[in-house]
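[1] Need a 3D model of the sequence below.
(one chain, ligands or ions: 1)
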Amino acid sequence: ATWNRDGGWHDGRVHPFGPIAMSPAAAVLHYAQEVFEGMKAYRHEDGSVWTFRPEANAARMARSAQRLALPTLSEEDFVGSLRALVETDEAWVPAYGTGETSLYLRPFMYASEAFLGVRPAHEVTYSVIASPAGAYFTGGLTPVKLWVSEHYARAGEGGTGSAKCGGNYASSLAGQLEGIDHGCDQAVFLDSATHTYIEELGGMNLFFVTSDGRLRTPALTGSILEGITRDSILTLAKDLDLQPEEDRITIDEWKDGVASGEITEIFACGTAAVITPVGELRWDGGSAASTAGEGGGEVTRSIRSRLLDIQYGRAEDTRGWLTRLA
Ligand code: PMP
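    Okay, the predicted model is just below:
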């Protein structure tokens, strides 16, 4: 669909996947005026197709769009666009019982107007693309190794902060590369002001299980993505007799907590990877041993299967988290 200042949203349609024609002067290519979402469509055993908490993605996209001076899309149009795409050829949604397979959905909105001045675009394009997806980490539940990005922050408070915009991902890549150079899978980003407090990974939020039954995650300070998996886990914690806690957690608390045994499990979460156990933490000059064995700890595994059971329709959806797409 296209938006322009005078006509609002129009021309919503599904067309075959292929290259898009764009002027080399399109504003998105120069000023990164762009936002996106990441979601999945899950096949249930009876053949029906569902998605998880799309109203939360619609609301997050609207907040991101507002921060990037883009127009907003209503929840109805947002969910309608997903349904229209999935209904066109629902055979793309992998069969039930084929492991953690799904149809990954990527809604995105960008400044398509051609001009070179710096101002919000008067013409914007919204699209959704989709791709069948398997498990995010090919190592299954092998704990990931993380690198502490001490020089590069991913997002700054008051900047594009918690918006899900392309620029925040571009800014995370150098830290990720540094991690890969040090034998790690992903980087842990710290707050941009003091480089002390744990924020998140390039594409996942973090959780810590403590020996006294708390489930801790960094509080949303304005530069952490408000993960929908994160929010769902905080809700599910109570079902598992864990005390959810959102607060500021320093990187030293991580290092010391692992050493003292106060932190018993660490995991990362997001739509793409669901929940993945975190093993070793490395930084410039040191490392903290893994807390998770192969497959992750007991709490990590039980939260993971609880979430997957809801998403794949194996457990009752008592909170109304699922929306049918086909
Ligand atoms: N943090 C970042 C930076 C992300 O890109 C994502 C993935 N959208 C997440 C956290 C997890 O968010 P969600 O659970 O909504 O997928």
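
[2] Just confirm Gly80 is within a helix.
    Yes. Assessed by DSSP: H, G, I helix; E, B strand; the rest coil, Gly80 belongs to a helix.

[3] how about it, what does it touch?
    Gly12 (Cβ atoms under 8 Å, 6 or more residues apart in numbering). Placement of C-beta: from N, CA and C, glycine included.

[4] Give me the pLDDT for it.
    Per-residue confidence at Gly80 stands at 98 (pLDDT).

[5] Ok, the one 3 residues further on next?
    Here, the pLDDT recorded for Arg83 equals 98.

[6] Tell me the secondary structure at it.
    Under the three-state scheme (three-state DSSP), Arg83 adopts helix.

[7] That one against Ala130, yeah?
    No. Under the criterion of Cβ atoms under 8 Å, Arg83 makes no contact with Ala130, lying 11.9 Å away.

[8] Going by how many neighbours each has, rank these two and give me the top one.
    In terms of neighbours (other Cβ atoms under 10 Å), Ala130 is the more surrounded of Arg83 and Ala130; the figures are 21 against 18.

[9] tell me the phi and psi of the more buried one?
    Reported as degrees, to the nearest 10, the phi and psi values for Ala130 are phi -140, psi 150.

[10] quick one: the helix or strand in which Arg282 is found to chain centroid distance?
    When secondary structure is defined using DSSP states H and E, the element that contains Arg282 is strand 274-283. Strand 274-283 has its average C-alpha position 16 Å from the chain's average C-alpha position, going by Cα atoms, centre = their mean, to the nearest Å.

[11] Tell me the neighbouring strands of that strand, and mark each as parallel or antiparallel.
    When sheet partners are counted by DSSP bridges, strand 274-283 sits next to strand 144-149 (parallel), strand 263-270 (antiparallel), strand 286-288 (antiparallel).

[12] just the CA coordinates of it, formatted as CSV?
    Included here for strand 274-283 are C-alpha records, laid out as CSV according to Å, rounded to 0.1, in the frame of the first residue of the first chain:
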residue,chain,number,x,y,z
VAL,A,274,11.8,-18.1,20.5
ILE,A,275,14.1,-18.8,23.5
THR,A,276,17.7,-19.7,23.2
PRO,A,277,19.9,-20.6,26.2
VAL,A,278,22.9,-18.4,26.7
GLY,A,279,26.3,-20.0,27.6
GLU,A,280,29.6,-18.3,27.8
LEU,A,281,30.0,-14.5,28.1
ARG,A,282,33.2,-13.0,26.7
TRP,A,283,34.6,-9.6,26.9
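
[13] Residues of the stretch 1-150 of the chain that sit close to the ligand?
    Taking Cβ under 6 Å from any ligand atom as the criterion, the neighbours of the ligand within the stretch 1-150 of the chain are Gly38.

[14] Helices of the stretch 1-150 of the chain, residue ranges please.
    Listed in chain order, the helices of the stretch 1-150 of the chain (DSSP state H, counting those that start in this stretch) span 27-31, 54-67, 75-88.

[15] Just the CA atoms of the last one, as PDB, please.
    The C-alpha coordinates for helix 75-88 follow below in PDB (Å, rounded to 0.1, in the frame of the first residue of the first chain):
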ATOM      1  CA  GLU A  75      -4.400  -2.200  13.700                       C
ATOM      2  CA  GLU A  76      -7.200  -3.400  11.400                       C
ATOM      3  CA  ASP A  77      -5.200  -2.600   8.300                       C
ATOM      4  CA  PHE A  78      -2.100  -4.100   9.800                       C
ATOM      5  CA  VAL A  79      -3.700  -7.400  10.700                       C
ATOM      6  CA  GLY A  80      -5.700  -7.300   7.400                       C
ATOM      7  CA  SER A  81      -2.500  -7.000   5.400                       C
ATOM      8  CA  LEU A  82      -1.100 -10.200   7.100                       C
ATOM      9  CA  ARG A  83      -4.300 -12.100   6.500                       C
ATOM     10  CA  ALA A  84      -4.500 -11.000   2.800                       C
ATOM     11  CA  LEU A  85      -0.900 -12.200   2.200                       C
ATOM     12  CA  VAL A  86      -1.400 -15.600   4.000                       C
ATOM     13  CA  GLU A  87      -4.800 -16.300   2.400                       C
ATOM     14  CA  THR A  88      -3.300 -15.700  -1.100                       C
END
